[in-house]
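Chemist: Predicted model follows, preceded by the sequence.
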Amino acid sequence: FSRAAFVEVLDATTKEQLCFLDKVDPHSTIGDIKSLFYKSYPQWYPARQALRLDTRGKSLRDDEILQNLPVGTTATMYFKDLGPQLGWTTVFFAEYIGALLTYLVFFFRVPYIYSHTYALTSSPHPVVTLACVCHTFHYVKRLMETIFVHRFSHGTMPLRTIVKNCAYYWGFSAWLAYYINHPLYTPPSYGELQVKYALFTFAMCEIGNLSIHMSLSNLRTDGFRVRRFPTPTKNPFTWLFFFVSCPNYTYEVGAWLSFTVMTQCLPVAIYTLFGFIQMTIWAKVKHRAYIREFKDYPSVRTAIIPLIL
Amino acid sequence: MSAAAQGTSKAAHGDVAPKKKKGPGALATAYLVIYNVVMTAGWLVIAVGLVRAYLARGSYHGLYYSIEKPLNLVLISGIVPSSVVLTGFQVMSRVFLTWAVTHSVREVQSEDSVLLFVTAWTVTEIIRYSFYTFSLLNHLPYLIKWARYTFFIVLYPMGVSGELLTIYAALPYVQKTGLYSVTLPNKYNFSFDYYSFLILVMISYIPLFPQLYFHMMRQRKKVLGHTDDYSKVE
């Protein structure tokens, strides 16, 4: 490919020239170009820039090198504003802390939620306290993973998405917490036995989910260059990889199913269903991506439910 | 939102006119033509039923009863061929208004507001389904196209008014009888207040109706607009 020394940036919709960069080092990355563009347009920080070689094509990755692109001496790129962006860490924090705290508001029966005779009282049922512990643990675990385990491939997410996601997490958390902590809450039909079994499966699924997250994180230790698909390790919880592409989602659904059984609460079941649908969609996409990328991908694997889905 | 939301090209409206460039094969076209003719006929039956009942009774009162059965049939036929996903907003809201409100609350069935939205839907759908039929046969009279993209200006607000008035009329009965409502305590720790739900539905018309209405306006400009361009003076 030729050595581009000039870069021209056009608006993807109007095609007008936004910027012309000269004396650009052919070894620069797209990230460098974005930084240069940012100097002329300080309102568009690099994370909200999408640069493409044609108006409708895929956006160029930040680590791509200018001289490796199929361009002439002057590289023409199209710019699209992705809108305000937030870092993934910020997003997850907002979602998870919101969900966690919202639930606690109902657990502690903050005044004006339930009838005033019950304000700031606690439920006589042990399962209600247990449910609060499990719910809180679930989100604390997610927060810890966000800080220590996950490695994100894209830096940011659009602002609109975070508003939508927070509404989802906080809204559902409030909805199911309202019923579980309600003064008229009815404990599970099969009593302590039901709660104990559900607690056990909940714990197994949480550990399972964590194990998968850690093994996925270990796949990325060499900075995204070598691509491998996840495989079972010595940890028995990762053996679900024999059967599914996304066992983290499988375990997540399992945890919420357990929580449903533990609380015997229909809103929790509905939340689990919604989550299941969304995660199945994600799992199917990931599954297809694995199959396309790796010729030796195990054919026995399904996306999220062994042998079925 | 069910009234006169004609011509929206959103797949969510579950309409069966082909939109892809390639177009369906001969068999699929034949099926679609038959389907659209049947739907046109169905709504015509309702229209005729309304007119006959009015002439027989001499008043607008209680005309719902004379077309209750064909209306249900037509609504079911409207749902069945559309896939679960594509059966959009419009079909669902029609079904909701007919079965979950009008049919479920006997007391509102003699309300004039019911006649208002049934009439609006009837006229809309006859035009819409004949539009699809003619489009499929590649013989679309300009009158039908014009009607489809013009009548909604009146029919849409008319239908929405009828729908809102009907829901509003049903409210006291729903509250009194606790229709479709579940209270605590119960085994599944769930509750649902249909009365509050209906109020929420009414509120949702506020953001949704203008959006759909102005979308139709824009569609109208696009589809019919070119005839105006020739008369523009620069």
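Modeler: Received the coordinates, thanks.

Chemist: alpha carbons only for contacts and neighbour counts from here, please
Modeler: Fine.

Chemist: what's residue 170 in contact with, if anything?
Modeler: With no chain named, the answer covers chain A. A:95, A:98-99, A:102 (Cα atoms under 8 Å, 6 or more residues apart in numbering or on different chains).

Chemist: my question was about chain B
Modeler: B:101-102, B:105, B:107-108.

Chemist: which among those gets closest to chain A?
Modeler: Closest to chain A out of these is B:V101 (24.3 Å), distances taken as Cα to the nearest Cα.

Chemist: and that closest one, how many residues sit next to it?
Modeler: By the criterion of other Cα atoms under 10 Å in any protein chain shown, B:V101 has 22 neighbours.

Chemist: Can you give me the distance of B:G49 to B:E68?
Modeler: Note on B:G49: its distance to B:E68, by Cα to Cα, to the nearest Å, is 10 Å.

Chemist: just A:V244 next, same as before
Modeler: A:V244 is 51 Å from B:E68, by Cα to Cα.

Chemist: quick one: low-confidence ranges for chain B?
Modeler: Within chain B, the stretches with pLDDT under 70 are B:1-24, B:80-88, B:226-234.

Chemist: tell me which parts of it are close to chain A?
Modeler: B:184-190 (Cα under 8 Å from any Cα of the partner chain).

Chemist: Kindly recompute the last result at 6 Å.
Modeler: B:185, B:188-190 (Cα under 6 Å from any Cα of the partner chain).

Chemist: ok so A:M77 is a strand residue?
Modeler: Yes: according to DSSP: H, G, I helix; E, B strand; the rest coil, the state of A:M77 is that of a strand.

Chemist: was I right about it contacting A:L53?
Modeler: Yes: the pair A:M77 / A:L53 is scored as a contact, 4.9 Å apart, by Cα atoms under 6 Å.

Chemist: about what we covered before: just give me the closest of the contacts of A:W170 to chain B.
Modeler: Ranked by distance to chain B (Cα to the nearest Cα), the contacts of A:W170 are led by A:T102 at 18.6 Å.

Chemist: Could you pull up the contacting residues of that closest one?
Modeler: Going by Cα atoms under 6 Å, 6 or more residues apart in numbering or on different chains, A:T102 touches A:A174.

Chemist: picking that back up, who has more neighbours, A:M77 and A:L53?
Modeler: A:M77 (24 against 19).

Chemist: For that one, give its distance to A:Q67.
Modeler: For A:M77 relative to A:Q67 (Cα to Cα), the value is 13 Å.

Chemist: joint contacts of these two?
Modeler: Common neighbours of A:M77 and A:Q67 (Cα under 6 Å, 6+ apart) do not exist.

Chemist: ok so, going back, ranking the contacts of A:W170 by neighbours, who comes first?
Modeler: A:A99 (24 neighbours).

Chemist: still on that earlier bit, can you tell me which of the contacts of A:W170 are in helices?
Modeler: Counted as lying in helices by DSSP state H, out of those, are A:95, A:98-99, A:102.

Chemist: Widest-spaced pair of the residues you listed?
Modeler: A:E95 and A:T102 (10.7 Å; Cα to Cα).

Chemist: Could you say which helix or strand holds A:E252?
Modeler: helix A:247-263 (DSSP states H and E).

Chemist: Endpoint to endpoint, stretch A:36-49 covers what distance?
Modeler: Termini of stretch A:36-49 sit 12 Å apart (Cα to Cα).

Chemist: I'd like the average pLDDT over it.
Modeler: Averaged over stretch A:36-49, pLDDT sits at 88.

Chemist: Same question for stretch A:276-289.
Modeler: Taken as a whole, stretch A:276-289 has a mean pLDDT of 94.

Chemist: So what touches that stretch?
Modeler: With Cα under 6 Å, 6+ apart, stretch A:276-289 has contacts from A:245-246, A:303.

Chemist: By neighbours, which of the residues you listed wins?
Modeler: In terms of neighbours by other Cα under 10 Å, the contacts of stretch A:276-289 top out with A:S245 at 29 neighbours.

Chemist: right, and that one touches A:A303 too?
Modeler: Yes: with contact defined as Cα under 6 Å, A:S245 counts as touching A:A303 (5.0 Å).

Chemist: CSV please, covering the ones in helices among the contacts of A:W170 and showing pLDDT.
Modeler: Shown next, in CSV, are the ones in helices among the contacts of A:W170 (pLDDT from 0 to 100):
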residue, pLDDT
A:E95, 93
A:G98, 95
A:A99, 96
A:T102, 96
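
Chemist: In JSON lines: those residues, plus distance to B:F134.
Modeler: As requested, the ones in helices among the contacts of A:W170 are exported to JSON lines (distance: Cα to Cα, whole Å):
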{"residue": "A:E95", "distance to B:F134": "51"}
{"residue": "A:G98", "distance to B:F134": "54"}
{"residue": "A:A99", "distance to B:F134": "53"}
{"residue": "A:T102", "distance to B:F134": "55"}
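
Chemist: And the residues you listed, which is closest to A:S115?
Modeler: Taking Cα to Cα as the measure, A:S115 lies nearest A:T102 of those, at 18.2 Å.

Chemist: Which pair in the contacts of B:A170 has the greatest spatial separation?
Modeler: B:V101 and B:E107 (10.2 Å).

Chemist: Find the residue closest to residue 29 in space, skipping its chain neighbours.
Modeler: Defaulting to chain A. Nearest in space to A:T29, with sequence neighbours left out and distances taken as Cα to Cα, 6 or more residues apart in numbering or on different chains, is A:I65 at 4.3 Å.

Chemist: not what I meant, chain B
Modeler: Closest residue to B:T29 apart from its sequence neighbours, by Cα to Cα, 6+ apart: B:L136 at 6.9 Å.

Chemist: Please pick the buried ones from the contacts of B:A170.
Modeler: Buried members of those, counted by 16 or more other Cα atoms under 10 Å in any protein chain shown: B:101-102, B:105, B:108.

Chemist: buried stuff in stretch A:29-48?
Modeler: For stretch A:29-48, using 16+ other Cα under 10 Å, the buried residues are A:29-35, A:37-38, A:44-48.

Chemist: Can you redo these as CSV, where the extra columns are secondary structure?
Modeler: Output for the buried residues of stretch A:29-48, formatted as CSV (three-state DSSP):
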residue, secondary structure
A:T29, strand
A:I30, helix
A:G31, helix
A:D32, helix
A:I33, helix
A:K34, helix
A:S35, helix
A:F37, helix
A:Y38, helix
A:W44, coil
A:Y45, coil
A:P46, helix
A:A47, helix
A:R48, helix
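
Chemist: Noted, bye for now.
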